[in-house]
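**Q** Task: produce atomic coordinates for the following.
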Amino acid sequence: MKFKVGDSAEITKTIEQHDIQAFADVTGDHNPVHVDEAFAQQTRFGRRIAHGMLTASLISSVLANKLPGAGSVYLGQTLQFVAPVFPGDEVTARVTVKAVREEKPVVKLETICVNQRGETVIRGEATVLLPNT
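**A** Next up, the predicted model:
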């Protein structure tokens, strides 16, 4: 499996309230800014927001299912959360190959999530061990 700088893949998902609740239940993160509308209305956002890590997990989906694909393993990930994601937002997670290590089966990837308005909500970089091929 050969990758080159510029190779890219993405997925798009609408973040629904049931996704936020399921993530809260799985992780135990019941911060009221995510799950309590009355509380969230009093915050700077004025309404509930999705967990940042829920949105970031879409990047993992791209890595596992598209690029590099099945058998790839995360070695590292940086994340900057630059804008909130609200219930009902459509988020596209995209990964793009930035560097390929020739001596090891490792790639560096730019990772970005954007909402339906084209606004960046998360940006970062992943290091991924490629699957055996």
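
**Q** CA atoms for contacts and neighbours, from now on please.
**A** OK.

**Q** What distance do you get for the residue located most distally from the centre of the chain to residue 72?
**A** Largest separation from the mean C-alpha position in the chain: residue 103, at 28.0 Å (Cα atoms, centre = their mean). Distance of residue 103 to residue 72, computed by Cα to Cα, to the nearest Å: 17 Å.

**Q** Determine how far the longest helix along the chain lies from the middle of the whole chain.
**A** Longest helix in the chain by number of residues, with DSSP state H as the criterion: helix 52-65. Averaging C-alpha positions (Cα atoms, centre = their mean, to the nearest Å) puts helix 52-65 4 Å from its chain's average.

**Q** Pull out the buried residues from it.
**A** Neighbour-count burial for helix 52-65, counted by 16 or more other Cα atoms under 10 Å, picks out 52, 54-56, 58-60, 62-64.

**Q** For it, name the packing helices and strands.
**A** The criterion is 3 or more Cα pairs under 8 Å, 6 or more residues apart in numbering; DSSP states H and E, and the helices and strands that helix 52-65 contacts are strand 8-14, strand 90-101, strand 106-114.
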